[in-house]
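# need coordinates for the below:
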Amino acid sequence: MFPVDSLTAAPRGSVPNDAAFAAKPFRASGALRAEMLRSEPPRPAPARVDVLAFSFHGMRFALPAAHIVDVMTVSGARWERLVAMSATGTLGASGLPLIRLAARMGFAADAANRPVQGGLVLFGTAGKVRATVLIDDVPTRVSAGVETMPASWRSRFSPCEDMIDGVALLPDGAQAAMIDLPLGVNAPRAAVAGAPERDTAHLLVRAGRAQLEAVRIAAVRDLRPLDEVPGLAVLPSAALPRGRQRMLLEFGGQGDVVAVDEVVGLAPQGRIERVGSLRFLATPTGRYRLLEPGGTQPARAVTKRVLVTAPEDAGRSALRDLVRSMGHEVSLADDPRAARLAGGRFDVILFDLDAYEDVRAGGVEATDGAQRIGLAAGALPAAPRGFARVVPAGDAVALALALLRRA
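Numbers count the residues shown, from 1 in each chain. Below you'll find the predicted structure:
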């Protein structure tokens, strides 16, 4: 690379007096430069907030402390129990959400450096706990300045760069990455935007045609058997399978209703395709015309908070996945007391009656507004005290219909 003054475009020879005179104002003396620096407006100090500072995997992190109710140091057997609970997402019988921060941030468990203690952080408002977070380190509460993080730094925090919201300047001079962990504890529950159409669960129904048709579950506001509709006489049909009923579906939007001969089952996940004015659900096993009119699509999906209370096994995981596919928020619990204690935080409680015989026999005493739905195999018992209904375990259609029906 050549020196600048050797380039052909560089001026050569002496500089004319008039050019030197014109450039003189831009060559400030040392004293003048010092005066100019003193006259610059001072850089505003970063906003200071209380944070919880901690570290793991060789990096420093911080959580905003504005809505922290309490922080507890836990170790030994109690720490191990909390780690096990975090795998289910629920803090024991309390029904409170429990998030293990390291797992949420995408850090794999390190058996060689497995922590033996950490911090349990309780988040809430007005002293009432709404959510809990488990940290694989003992956090320290400090006051820190907060600045915007340069975009070029984010890649250094893989795999959690999408959760980094700024830089905390700690009192010891160190810098920590501020974590953005929405918990919804400082505001009313936000409206949940409707999921993309290809990820929305659908029911397969028969409605006067030989071909099956699909109904988007998020579009249905209510459904009931036709024979339960006042003033409507329903003739028996020998063509219906045993145990199936004709149903009346009420949609959102303009409030249209559609009668169907049979709800067959859940449709495989697929994508929405348009052919002219018609819409179809295209799945790996076939293509089904969408039954509901486009005008009935709701502005947002009706999302319920559902607590699944059942022993930890593959069946509970499958039930969680099914309910999530319908667009609901799901928490898990394995303590039967959750059926009585957690109702105020959930809209629906699904309860394994076969696993907890005492609840099956005596029911629960609850005055909250949660709808309790029991799950049972074999012959269905009468709904225990405190339960709205009982549906067959493993019957996805029955469960979908129970969640759609108004309490």
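# return the helix or strand in this protein with minimum mean pLDDT.
helix 17-23 (a mean of 41; mean pLDDT, DSSP states H and E).
# so D368, which of the three states?
Secondary structure state of D368, per DSSP: H, G, I helix; E, B strand; the rest coil, is coil.
# gap between it and T90?
Going from D368 to T90 by CB to CB, to the nearest Å gives 17 Å. C-betas here are computed from N, CA, C, even on glycine.
# do K304 as well
For K304, the distance to T90 - CB to CB - is 16 Å.
# center of the chain, which residue is that?
In the chain, the centroid-proximal residue (CA atoms, centre = their mean) is E329; its distance is 6.8 Å.
# is it correct that that residue is in contact with V308?
No. The pair E329 / V308 is not scored as a contact, 11.2 Å apart, by CB atoms under 8 Å.
# in the protein, where is pLDDT below threshold?
1-46, 108-113, 154, 158-159, 182-200, 229-244, 252-255, 292-302, 342-343, 406-407 (pLDDT under 70).
# which residue ranges of it form helices?
Using DSSP state H, the helices assigned to the chain run over residues 17-23, 30-39, 76-88, 101-104, 314-325, 338-341, 357-362, 396-404.
# in the fifth one, what's buried?
For helix 314-325, burial by neighbour count (16 or more other CB atoms under 10 Å) applies to 316, 319-320, 322-323, 325.
# can you list contacts of it?
Contact with helix 314-325 is made by 201, 266, 269, 306, 308, 310, 330, 332, 350, 352, 375, 393-394, 396, 399, 403, as judged by CB atoms under 8 Å, 6 or more residues apart in numbering.
# name the nearest residue to Y288, sequence neighbours excluded.
A214 (4.1 Å; CB to CB, 6 or more residues apart in numbering).
# show me what contacts that neighbour?
202-205, 267, 280-281, 288-291.
# can you pull up the bridge partners for it?
L204, L290 (DSSP bridges).
# what's the answer for R279, then?
R274.
# give me the distance between it and R216.
10 Å.
# so what's in contact with these two at the same time?
Contacts common to R279 and R216, judged by CB under 8 Å, 6+ apart, are L290.
# so which of the two has more stuff around it?
R216 (25 against 18; other CB atoms under 10 Å).
# quick check: the more buried one touching H202?
Yes. With contact defined as CB under 8 Å, R216 reaches H202; the gap is 5.5 Å.
# I'd like to know how far D50 sits from R156.
Counting by CB to CB - D50 and R156 are separated by 25 Å.
# care to break this protein down by domain?
As assigned by automatic domain parsing, the chain contains the domains 47-179, 197-229+242-296, 305-404.
# quick revisit: what about the residue nearest to the centre of the chain, distance to E80?
27 Å.
# which of the contacts of helix 314-325 are buried?
201, 266, 306, 308, 310, 330, 332, 350, 352, 375, 393, 396, 399, 403.
# in TSV, list these along with distance to F56.
As requested, the buried ones among the contacts of helix 314-325 are exported to TSV (distance: CB to CB, whole Å):
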residue	distance to F56
A201	37
L266	41
V306	32
V308	30
A310	32
V330	27
L332	25
L350	35
D352	36
L375	39
A393	40
A396	40
L399	39
L403	39
